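[1] any chance you could fold what I've pasted below:
(one chain, ligands or ions: 1)
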Amino acid sequence: MTKLQRLSESTLSSLPGDVQRPGYDRKQLRNGVVHLGIGAFHRAHQAILFDDAARKGDMRWGIVGASLRSASVRDSLAPQDCLYSVVEREGSGECVRIIGALRDVVVAQENAASLINVMASSDTHLVTLTVTEKGYHLDPATGQLIETSADVMADIKSLEKPRTAAGLIVAALAKRKALGLRPFTAISCDNLPHNGKRLMNAVLAIAQKHDAALHEWIAMCGAFPETMVDRIVPATDDNAIAALSTRIGVEDRAMIRTEPFLQWVIQDKFAGERPAFEHLGAQLTDTVAPWEEAKLRMLNGAHSAIAYLGALAGIDYVHEVVAIPNARRFVELLWDESAATLSPPPGLDINAYRHALMQRFSNAALQHRTRQIAMDGSQKLPQRLLAAIAIRLQRGLPVEMQSLAVAAWMQWQGGKDDAGKSHVVDDPLASLTAAKLQDVHDAKSRVAALLSIEAIFPPSLSASPVLRNTLTKWLEMLMTTGSRATIDKAVVPK
Ligand code: CS2
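    Okay, here's the model as predicted:
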């Protein structure tokens with residue numbers, strides 16, 4: 001087989017006619033956005049809106065992407081002039097679009113100074129972030145900056161070559177202040193509760209250690225809007241790359257697969273210029289929290305439950321889990337529990353939302369791996385499941401299904417699935433959970449050991465006998481009968 005050429009400016013014109021191309025002159029784009037954490041999610045979500053802005057003639061929102069550590073995204077995009085395809089899939093339908101808004105990719109650890117220069121340029125108005133929950137170095141339970149983390153300590157000592165996203169933002173804001181520029185607007189696009197506030201707190205905590213006047217300037221003039229971001233973006237694999245190459249006749253090593261759905265709710269709070277988000281499909285609002293809570297507790301809560309229960313049962317993909325009638329029933333019952341803790345914003349019909357979520361989870365064309373979602377559970381459980389559990393316990397309501405999801409996470413921490421097959425627990429607290437579980441064998445002691453991790457479980461939860469007993473019941477059942485049988489038992493009407 002002859003080797004295919006790479007997707008690039010020079011091969012754009014050879015693409016099949018049904019592939020959507022940027023359709024604007026990329027050379028005219030200015031670099032208005034710096035994105036920290038240029039993974040698949042950003043490229044399938046925020047970048048689409050910046051690309052749409054350019055398609056509509058607003059050329060201020062070209063993106064410079066930064067990887068905080070790994071060079072792999074840069075290495076896949078550089079030979080492609082930073083062009084990549086977004087493949088939207090649902091059923092047998094597929095739509096391929098080439099995104100042109102990304103202009104450059106920098107690896108922060110290789111070239112911090114030039115990244116900070118772009119962030120401090122007068123053209124840059126937005127710094128967006130998808131660095132995952134753990135990238136903020138916050139205590140998951142309290143949201144406080146973990147000042148003992150090695151990367152945070154390094155940034156507190158020197159901002160010459162920042163190691164954290166918050167450190168990079170402080171260094172760039174210091175430079176803007178020195179140049180007499182306004183701050184950029186820093187937009188966290190990660191699935192954290194009050195993500196804007198959490199980012200601001202991390203930035204202010206680091207700034208405070210360096211320069212009181214800088215801290216004051218950021219607190220007064222900076223903007224850290226809250227956001228809710230939503231789009232399911234599975235990790236790309238070689239099969240997907242090969243299938244797209246066959247389809248479009250060139251090789252794209254940076255392609256993204258995703259669903260047609262995309263939602264971005266942004267607090268209307270900016271330090272300077274912004275795109276006309278309201279004409280680009282985003283929702284601008286004063287109150288993001290009710291949207292964010294609904295999304296974190298319904299979509300992400302169910303995702304984590306599906307991930308642990310599914311992966312324990314050896315099931316690879318989300319759509320395969322929800323195709324099992326009792327697993328689907330379990331998700332509905334879990335949603336009954338979580339939905340009761342929400343105050344849905346005007347415009348959000350929870351029943352319609354649940355229906356749409358189940359459809360999205362059932363999208364077999366996405367191939368979304370349970371193991372991908374199972375990563376970093378310690379950072380995800382608090383906002384996805386534990387916050388709602390705390391509310392229900394306070395109100396004296398049962399927490400059966402939510403506890404089963406948490407118990408499945410506990411069982412996953414043991415490192416073996418239901419068939420006895422070992423897996424790596426991919427989580428920043430993995431060594432802590434492993435140490436807690438060392439030589440602790442029965443369900444009751446394992447629950448007690450894991451509940452004692454304060455970074456995950458606040459005292460109000462670890463001290464709750466109801467929660468402890470419910471978790472112990474489910475963990476015991478998971479350990480002895482496995483995930484499938486436990487789900488079957490859980491959904492039997494009482
Ligand atoms: C998923 C999310 O991997 C995960 O933890 O739950 O990435 C989820 O797909 C997105 O939040 C959907 O918007």
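[2] contacting residues for the residue nearest to Leu386 when sequence neighbours are not counted?
    Once flanking residues are discounted, Leu386 sits nearest to Leu461: 6.1 Å by CB to CB, 6 or more residues apart in numbering. In this view, the C-beta of every residue, glycine as well, is placed from N, C-alpha and C. With contact set as CB atoms under 8 Å, 6 or more residues apart in numbering, Leu461 has these partners: Leu386, Ile389, Ala390, Leu393, Leu451, Leu467.
[3] and which of those is nearest Asp237?
    Nearest to Asp237 among the contacts of Leu461: Leu386, at 31.8 Å, using CB to CB.
[4] on the three-state scheme, Tyr24 is what?
    Of the three states, Tyr24 takes coil under DSSP: H, G, I helix; E, B strand; the rest coil.
[5] looking at it now. What's its pLDDT?
    Tyr24 is assigned 98 on the pLDDT scale.
[6] then Met1?
    pLDDT at Met1 comes out at 56.
[7] host element of Ala271?
    Take DSSP states H and E as the rule and Ala271 turns out to sit in neither a helix nor a strand.
[8] surely it meets Phe224?
    No: the pair Ala271 / Phe224 is not scored as a contact, 9.0 Å apart, by CB atoms under 8 Å.
[9] more neighbours, those two?
    Neighbour totals were compared for Ala271 and Phe224, and Phe224 leads with 26 against 18 (other CB atoms under 10 Å).
[10] hmm, back to that, confirm the residue nearest to Leu386 sits in a strand?
    No: counting by three-state DSSP, Leu461 is not found in a strand; it is helix.
[11] please tell me how far Pro183 sits from the ligand.
    Pro183 sits 27 Å away from the ligand, going by CB to the nearest ligand atom, to the nearest Å.
[12] so what's that residue up against?
    Here Pro183 is in contact with Leu173, Arg176, Lys177, Trp217, Ile218, Cys221, Gly222, Ala223, Ala271, Gly272 (CB under 8 Å, 6+ apart).
[13] pull the number of nearby residues for the residue found closest to Gly62 once you drop the neighbours it is linked to in the chain.
    Using CB to CB, 6+ apart and skipping the chain neighbours, the partner closest in space to Gly62 is Leu29 (3.4 Å). Look at Leu29: counted by other CB under 10 Å, it has 23 neighbours.
[14] do you know the pLDDT at Leu29?
    Leu29 is given a pLDDT of 98.
[15] element containing Val33, please.
    strand 31-36.
[16] just checking, next helix/strand downstream of that strand?
    Downstream of strand 31-36 (by DSSP H and E), the next one is helix 40-44.
[17] what mean pLDDT would you report for stretch 449-460?
    Per-residue pLDDT over stretch 449-460 has a mean of 97.
[18] just stretch 190-209 next, same as before
    97.
[19] and if you look at stretch 465-483?
    98.
[20] could I get it in PDB with only the CA atoms?
    What follows is stretch 465-483, C-alpha atoms only, in PDB (Å, rounded to 0.1, in the frame of the first residue of the first chain):
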ATOM      1  CA  PRO A 465     -23.400   5.300  59.500                       C
ATOM      2  CA  VAL A 466     -26.000   5.200  56.700                       C
ATOM      3  CA  LEU A 467     -23.400   5.800  54.000                       C
ATOM      4  CA  ARG A 468     -20.900   3.400  55.600                       C
ATOM      5  CA  ASN A 469     -23.500   0.600  55.900                       C
ATOM      6  CA  THR A 470     -24.800   1.100  52.400                       C
ATOM      7  CA  LEU A 471     -21.300   1.100  50.900                       C
ATOM      8  CA  THR A 472     -20.400  -2.000  52.900                       C
ATOM      9  CA  LYS A 473     -23.500  -3.900  51.700                       C
ATOM     10  CA  TRP A 474     -22.700  -3.100  48.000                       C
ATOM     11  CA  LEU A 475     -19.000  -3.600  48.300                       C
ATOM     12  CA  GLU A 476     -19.500  -7.000  49.900                       C
ATOM     13  CA  MET A 477     -21.900  -8.000  47.100                       C
ATOM     14  CA  LEU A 478     -19.500  -6.700  44.400                       C
ATOM     15  CA  MET A 479     -16.600  -8.700  46.000                       C
ATOM     16  CA  THR A 480     -18.600 -11.900  46.200                       C
ATOM     17  CA  THR A 481     -21.000 -11.900  43.200                       C
ATOM     18  CA  GLY A 482     -19.500  -9.300  40.800                       C
ATOM     19  CA  SER A 483     -20.900  -6.300  39.100                       C
END
